[in-house]
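Colleague: sequence and predicted structure are below.
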Amino acid sequence: METTTAGTPMRPRPPRHGFAAFLACELLITLLLTGMVHAADAPFPGKTTNWNGFDRYDFPLKDAGGEEFGCRVVTPKKSAKGRPWIWRARFWAHEPQTDIALLKKGFHLVYCDVANLWGNARAIARWDICYKYLTTGHGFSKRPALEGMSRGGLMIYHWAIQRPKQVSCIYGDAPAMGIRPYVKGRKPGSPDLKKLEAWMKAHGLSLEQAQAHPHDALDTARVLAKARVPLIHVCGDADESVPFVEHTAEFARRYRKWGGTIKVIVKKGGKHHPHSLKDPTPIVDFILAAQ
């Protein structure tokens, strides 16, 4: 029953248990926010150096077997909202203009050593560890932009295809899209196979298995199209190392057929090198728009 004083209705006092629940919610929110702030502000371990005017941190992480592998984080002067990051696979600091431009926009730059693993299961596991460390320990965005040049394309696509909801976009620069284009029609003992031995060994493939390999991004990226992950590739149409027609052109045709969005910037007469663009603005704008 309501009571009145001087003709003014008085609202009934909320039950004690309701007030207690309110306080509990306030406390929980405060703790969550404090935890997020602390995660974002947590310092990086390891050696600190200067990289193009930004702080660079080099430190080890450990895989499930206890083996250390190197990680590298370059921090912006001021982090953009949501702590976005660009994750480079292979060939650290080669044609870094896109990385530097994004650092200036408030992105973090990340590198995790997966050299000579060719995007295999061990490499995927390393990236999973690095991803968890950065997203839970330092408040990084849960959807990084991935960057892969040449064979780095294997890493970014193999990881993204298994983690499509953990990617904001992909930037491939003359990326290798799989092993089958290289082994097609090859016979055992072919001199060309010498260059592919490490690749096949990393995945435990014989020549026959490599020729029928069903796990190339050329065949499995439908999941990225379904997840609406936008892609951008920069390639030369005269690439002698990663032939444009067999890799990006064929992949783009399939990705669009699957309903995905891919932008391809073709450098007329361009070979495998140099990578990137002298003015990386089209790449940077694409990545920014995907955040």
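Modeller: Looks like it came in fine.

Colleague: all helices for the stretch 1-150 of the chain, in order.
Modeller: Here the stretch 1-150 of the chain has its helices, by DSSP state H, counting those that start in this stretch, at 16-41, 97-104, 121-137.

Colleague: which stretch in these is the model least sure about?
Modeller: Comparing mean pLDDT across the helices of the stretch 1-150 of the chain, the lowest value falls on helix 16-41: a mean of 46.

Colleague: now the residue most central in space within the chain. Nearest residue, chain neighbours left out?
Modeller: In the chain, the centroid-proximal residue (CA atoms, centre = their mean) is residue 146; its distance is 3.1 Å. Closest residue in space to residue 146, ignoring its immediate chain neighbours: residue 156 at 4.1 Å, by CB to CB, 6 or more residues apart in numbering. For every residue, glycine as well, the C-beta is placed using N, CA and C.

Colleague: that neighbour against residue 148, yeah?
Modeller: Yes: the pair residue 156 and residue 148 qualifies as a contact (CB atoms under 8 Å) at a distance of 3.8 Å.

Colleague: intersection of neighbour lists for these two?
Modeller: Taking CB atoms under 8 Å, 6 or more residues apart in numbering as the contact rule, residue 156 and residue 148 both touch 89, 170, 172, 175.

Colleague: what about the first one, how many neighbours?
Modeller: So the one you mean is residue 89. Here the number of neighbours of residue 89 (other CB atoms under 10 Å) works out to 30.

Colleague: hmm, it is touching residue 148, no?
Modeller: Yes: the pair residue 89 and residue 148 passes the contact test of CB under 8 Å, sitting 4.6 Å apart.

Colleague: circling back: check which helix or strand covers the residue nearest to residue 146.
Modeller: If you go by DSSP states H and E, residue 156 is part of helix 152-162.

Colleague: could I get that helix in CSV with only the CA atoms?
Modeller: What follows is the C-alpha trace of helix 152-162 in CSV, where atoms were taken according to Å, rounded to 0.1, in the frame of the first residue of the first chain:
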residue,chain,number,x,y,z
GLY,A,152,53.0,-15.9,-45.8
GLY,A,153,49.7,-16.3,-47.7
LEU,A,154,49.7,-20.0,-46.6
MET,A,155,49.8,-19.0,-43.0
ILE,A,156,47.1,-16.3,-43.0
TYR,A,157,44.6,-18.3,-45.0
HIS,A,158,45.2,-21.6,-43.2
TRP,A,159,44.6,-19.9,-39.8
ALA,A,160,41.7,-17.7,-41.0
ILE,A,161,39.9,-20.7,-42.6
GLN,A,162,39.9,-22.5,-39.2
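
Colleague: just the mean pLDDT for that helix, thanks.
Modeller: 97.

Colleague: please renumber so the chain begins at 51
Modeller: That works, and once the first residue is 51, the last one we named lands at helix 202-212.
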